[in-house]
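> Here is my input, please return the structure:
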Amino acid sequence: MNTFFSAYPVAVPFIAILSAEIVKALIDGIRHRKEIRFLHPGGMPSGHSAFMGSLVVLVAMREGVGSVLFAVIAVLAVIVMFDAIHLRREAGLHASALNQLQKNAKLEESLGHTHLEVVLGALFGGILSFLLLNGF
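Coordinates of the predicted model:
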């Protein structure tokens, strides 16, 4: 079946990240957070991971899992997800400590993700990509 997404696959990862960000904002609203995060780092699910999960599935379906492009995208996805869990999370913890030391600093503390947020983000993006590319 030839769908819009089959003709324009570049749209799929962007739809995945926007959808993940909408879900994140809804979850923040349900949890009654003071600040709703939309297109901001941190939160459930990870938008970056949704984008990369979508891209991995897209390349797997279009080029095959044996292709060089798939290998490059898979490695890039691992780097992005590792960064979200470790580097950005640590930066958020540092921001929290600095905010406690200097009360008027007001640094953003929610920068990274937990393992669960990243895994669910990647699954969300991958499943959405699969569904869009198969015409569901």
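> burial count for residue 104?
By other Cβ atoms under 10 Å, 5 other residues sit near residue 104. C-betas here are computed from N, CA, C, even on glycine.
> Where does it sit: helix, strand or coil?
coil (DSSP: H, G, I helix; E, B strand; the rest coil).
> Tell me who's in contact with it.
Going by Cβ atoms under 8 Å, 6 or more residues apart in numbering, residue 104 touches no other residue.
> ok, it to residue 69 distance?
Remark: distance between residue 104 and residue 69 (Cβ to Cβ, to the nearest Å) = 48 Å.
> shaky segments in the protein?
1-3, 33-34, 36-40 (pLDDT under 70).
> give me that answer again for 50
Applying pLDDT under 50 to the chain flags residues 1.
> all helices of the chain, in order?
All helices of the chain, identified by DSSP state H, fall at 4-7, 11-30, 47-63, 68-82, 88-101, 115-133.
> looking at these, which is closest to residue 41?
With Cβ to Cβ as the criterion, residue 41 lies closest to helix 88-101 of the helices of the chain, at 6.3 Å.
> Tell me which other helices or strands that closest one touches.
If contacts are counted by 3 or more Cβ pairs under 8 Å, 6 or more residues apart in numbering; DSSP states H and E, helix 88-101 sits against no helix or strand.
> If we use 10 Å, what do you get?
Secondary-structure packing of helix 88-101 (3 or more Cβ pairs under 10 Å, 6 or more residues apart in numbering; DSSP states H and E): helix 115-133.
> Show me how far the helix it packs on is from its chain's centre.
8 Å (Cα atoms, centre = their mean, to the nearest Å).
> and what of stretch 62-77?
Relative to the mean C-alpha coordinate of its chain, stretch 62-77 is positioned 18 Å out (Cα atoms, centre = their mean).
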